[in-house]
Structures are given as C-alpha cells and as structure tokens.
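1. below is the structure, and that's it, no one-letter string:
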C-alpha cells in the first residue's frame with residue numbers, strides 16, 4: 001500500500017472534510033456519549049469533539065444534527081473502484097481508499113450513522129447510509145456465568161433448535177458455545193440427542209447454512225465498561241451471526257430481501273441478549289463497542 005503525499009512545503013498535513021448527517025433533533029450529548037463508549041477521553045468543546053489522530057467533529061451551528069468531520073487526508077494511491085467492502089468506501093473513494101487516521105475517523109462517523117439512523121457524505125459527495133442492522137453481533141458482559149446446560153435451557157425457551165456444541169477433545173477452551181440454525185429447525189444437520197439435551201456433533205458439509213453462535217468465555221473488557229468494579233472476573237456472552245458466504249459480509253447497500261433477513265437475525269440476537277441480561281445481569285455492547293439499551297431490542 002502506498003499513500004499520497006500528506007504534507008506540503010511547510011510540513012503541515014493535508015486535510016479534508018466529510019459530513020455526518022443525523023436525524024433532526026439528535027442532541028450533541030448523544031453523539032458525545034456514543035463516542036465516549038469507544039474513546040472515553042473525548043470532550044465536547046466549542047461545538048467540536050476531538051476524536052484523535054488530528055480529526056475533529058464539529059456541529060453546524062446553523063443546522064444542528066449536521067456535523068463536519070475534519071480529518072487528515074490519507075489515501076492509498078492504488079484505485080479502489082470495484083473493491084467489495086461493507087462500508088461503501090470502494091465506490092466512494094474510487095481513486096484511492098482512505099486509511100490510517102482518515103480511515104479511523106470515517107469508520108467512527110459511519111458507525112455513528114449506523115446507530116443513529118444517519119448518513120455520511122464524503123468529500124467527493126458520495127452518500128453512505130449504513131443499514132441499522134449492518135452490524136448484528138451483540139455481546140453481553142456480566143459478572144455471572146451460567147452453566148452450559150442452564151444457558152441451553154434458557155436459550156431454548158425462545159430458540160428451540162439451539163444446540164450445545166461439543167468441542168474436539170484436543171481443544172483448549174475456557175468456555176463453551178451454543179449453535180442456533182437460522183433456517184428451520186428441521187434443516188439442521190449432524191445433530192444427535194443424548195440425555196437431557198441435544199448436542200451438535202458436527203455440521204454437515206453437504207448442507208452448510210448461516211447460523212447464530214453464542215460463545216461464553218472470559219470478557220474482552222469492552223472500553224465502555226472499563227469503570228465497572230467487577231469487570232476483571234466477568235464473562236462475555238457473544239451472540240454472533242456466523243455468515244456462510246464471505247461476500248455477504250461485504251455488502252454495502254443490501255437489497256430488500258437481504259435487509260429483511262438482517263433485520264430478522266438482529267431481532268433474534270437482540271431477544272437473546274435481552275433475555276440473558278434479564279437473567280444474569282450485565283450490559284450489552286455491539287461488535288463495534290457501543291452500548292446498547294435492552295429497551296431498543298424489543
């Protein structure tokens with residue numbers, strides 16, 4: 001990867017501006033709170049939020065809920081047109097993909113647009129409108145760990161096809177995992193029943209499918225929860241959409257059928273996250289580290 005020159009004769013970095021457009025009435029405090037989930041030292045001063053790397057978000061005084069993202073301009077010199085990516089950068093920056101400080105700032109703006117039903121308009125006037133369910137994975141961080149069979153029974157109350165995955169004997173694991181087929185329960189394969197619970201022995205290579213995986217293990221210590229006194233010994237319940245087709249994870253603008261499928265999968269993942277929080281306590285964060293209110297998952 002090579003970059004375009006980023007400094008002029010005076011040694012200053014080249015800069016550019018993008019726009020973050022949020023629904024009318026979105027308070028600046030809401031934006032700041034979300035940013036602090038991942039950048040806890042961020043501060044709102046004089047209408048601007050310093051997000052690091054020389055980038056700053058500045059709210060438009062004449063049009064509240066409209067923000068300008070001022071950032072160093074750091075671009076790959078290789079054309080990006082046609083490269084698949086979930087954020088739409090390939091089409092928005094056809095002459096060269098942003099990376100480094102500019103990419104990090106754009107990723108944050110894209111995530112804010114996703115969570116707050118907004119859009120990002122790039123310096124070349126390309127409009128990026130992430131689907132609210134573009135990111136579907138949720139993590140529950142809790143001080144309380146459920147035994148595998150207890151969690152299986154809880155999950156099966158809303159997902160009857162859920163199965164406990166038995167790891168290979170040689171696996172080094174500190175947790176356990178459940179599998180939930182996304183298709184009909186009758187489509188699941190490689191399942192055997194023994195005793196009180198059904199155990200997934202092996203997925204069938206002849207009939208692969210997307211699935212929801214629920215992994216339980218030591219916490220990854222989300223930045224948004226660092227102040228919690230019990231975080232050191234906490235566990236994470238990671239509820240993830242395991243995508244069969246890698247290209248599905250690189251969709252920028254989903255068609256109606258894909259959007260409906262994403263929404264339904266997120267509904268199911270959200271239902272599980274809310275049920276686990278209600279049972280063992282804790283907090284929900286999404287894959288990008290932003291806190292999620294359980295009330296928003298109903």
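-> Received, thanks. Just so you know, these numbers come straight off a predicted model, no measurement behind them.
2. following the biggest helix by length in the chain, which helix or strand comes up?
-> The single longest helix within the chain, with elements called by DSSP state H, is helix 256-280. Per DSSP states H and E, the first helix or strand lying C-terminal to helix 256-280 is strand 283-286.
3. and that following strand, what does it pack against?
-> strand 138-142, helix 256-280, strand 291-292 (3 or more CB pairs under 8 Å, 6 or more residues apart in numbering; DSSP states H and E). Where C-beta positions appear, they are placed from N, C-alpha and C, glycine not excepted.
4. related to what we said a few turns ago, can you list the buried residues in the longest helix of the chain?
-> 259, 261-262, 265-266, 268-277, 280 (16 or more other CB atoms under 10 Å).
5. okay, the angle between it and strand 138-142?
-> Orientation of helix 256-280 against strand 138-142 (axes from the mean of the first three to the mean of the last three CA atoms, to 10 degrees) gives an angle of 10 degrees.
6. give me the contacts around helix 256-280.
-> Contacting residues not belonging to helix 256-280 are listed as 131, 133-134, 136-138, 140, 142-146, 151, 154-155, 157-159, 180, 182, 210, 212, 214, 237, 239-241, 248, 251, 254, 282-284, 292, 294, 296-298 [CB atoms under 8 Å, 6 or more residues apart in numbering].
7. chain center to it, what's the gap?
-> In terms of CA atoms, centre = their mean, to the nearest Å, the centre of helix 256-280 is found 13 Å from the chain centre.
8. which residues does residue 15 contact?
-> Residue 15 is in contact with 54, 70, 71, 72, 73, counting by CB under 8 Å, 6+ apart.
9. quickly list what it is bridged to.
-> residue 72 (DSSP bridges).
10. quick one: pLDDT of it?
-> You'll see residue 15 listed with a pLDDT of 95.
11. ok, residue 175 next?
-> On the pLDDT scale, residue 175 gets 87.
12. same deal with residue 188?
-> Reading off the model, residue 188 has pLDDT 37.
13. and what of the one 5 residues further on?
-> According to the model's per-residue confidence, residue 193 sits at a pLDDT of 34.
14. re earlier: CSV please, covering the helices and strands packed on strand 283-286 and showing mean pLDDT.
-> Listed next are the helices and strands packed on strand 283-286 as CSV, based on pLDDT from 0 to 100:
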stretch, mean pLDDT
strand 138-142, 98
helix 256-280, 96
strand 291-292, 98
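15. still on that earlier bit, just the buried members of the contacts of helix 256-280?
-> Here, 16+ other CB under 10 Å leaves 131, 133-134, 136-138, 140, 142-143, 145-146, 151, 154-155, 159, 180, 182, 212, 214, 237, 239-241, 251, 254, 282-284, 292, 294, 297 buried among the contacts of helix 256-280.
16. filter those residues down to just the ones in strands.
-> Under the assignment DSSP state E, the buried ones among the contacts of helix 256-280 contribute 138, 140, 142, 180, 212, 214, 237, 239-241, 283-284, 292 to strands.
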